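>>> Give me a 3D structure for the following:
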Amino acid sequence: MELQEGKDKFIQAWGTLGSSWGINRTMAQVHALLLVSPEALCAEDIMSQLQISRGNANMNIRALIDWGLVHKELKQGQRKEFFVGEKDMWKMVQQVIIQRKKRELEPALRILEEISTIEGEGVEVEEFLRVITDLKMFSDKADSALENVVRSKPSWMMGMFMKMVK
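Alright, predicted model coming up:
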């Protein structure tokens, strides 16, 4: 397999996986392209290589910057903005966890907290509160575990991962 074919397959696969992870396909493809690019790329390079519009490229680059997965890089003598993907896989995983917590887990925790204070009596109320309490307890533990992962060092996480796979 030639480099370009491998690169194309990776970008397409990453795009497909991105859809499963809750981000749009194009955003994941832009991320994949920047991950495997040895040099920073400008929006025109991204547009050309992925065959996407300027608006689509700019929107997805900004979203990746917001996620902390892409950074701007200035090149002396150039007026264009250049972009580079975060190459440190540990930092990348931490940023994804932080963003997913912020967008998904934290809103769920707020709702669970709010609805756990319902009042009333009867079997339905008891069952509702039991389920909500269990969900809240699990969500709190997930939040705490993810927070520990984000704060941990890569060596600790790899050690934990290796223990799990043994």
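>>> and the helix ranked longest in the chain, what does it pack onto?
Looking across the chain with DSSP state H, the single longest helix is helix 123-151. For helix 123-151, the elements it packs on are helix 89-100, helix 106-115, judged by 3 or more C-beta pairs under 8 Å, 6 or more residues apart in numbering; DSSP states H and E. In short, each C-beta sits where N, CA and C put it, glycine included.
>>> Most tightly packed of those helices?
Scoring the helices and strands packed on helix 123-151 by mean neighbour count under mean count of other C-beta atoms under 10 Å gives helix 89-100 as the most buried, with a mean of 16.
>>> Let's test this: mean pLDDT of that helix, rounded?
For helix 89-100, mean pLDDT rounds to 88.
>>> How about residues contacting that helix?
Identification of contacts with helix 89-100 by C-beta atoms under 8 Å, 6 or more residues apart in numbering yields 21-22, 67-69, 86, 146, 149-150, 154, 157.
>>> May I ask you to confirm that residue 72 belongs to a helix?
No - inclusion of residue 72 in a helix is not indicated when DSSP: H, G, I helix; E, B strand; the rest coil is applied; the result is strand.
>>> Residue 107 versus that one, what's the distance?
Distance of residue 72 to residue 107, computed by C-beta to C-beta, to the nearest Å: 29 Å.
>>> Equivalent analysis for residue 150, please.
Distance of residue 150 to residue 107, computed by C-beta to C-beta: 18 Å.
>>> picking that back up, tabulate the helices and strands packed on helix 123-151 in JSON lines, adding columns for distance to residue 2.
Compiled in JSON lines, the helices and strands packed on helix 123-151 are given as follows (distance: least, C-beta to C-beta, whole Å):
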{"stretch": "helix 89-100", "distance to residue 2": "25"}
{"stretch": "helix 106-115", "distance to residue 2": "44"}
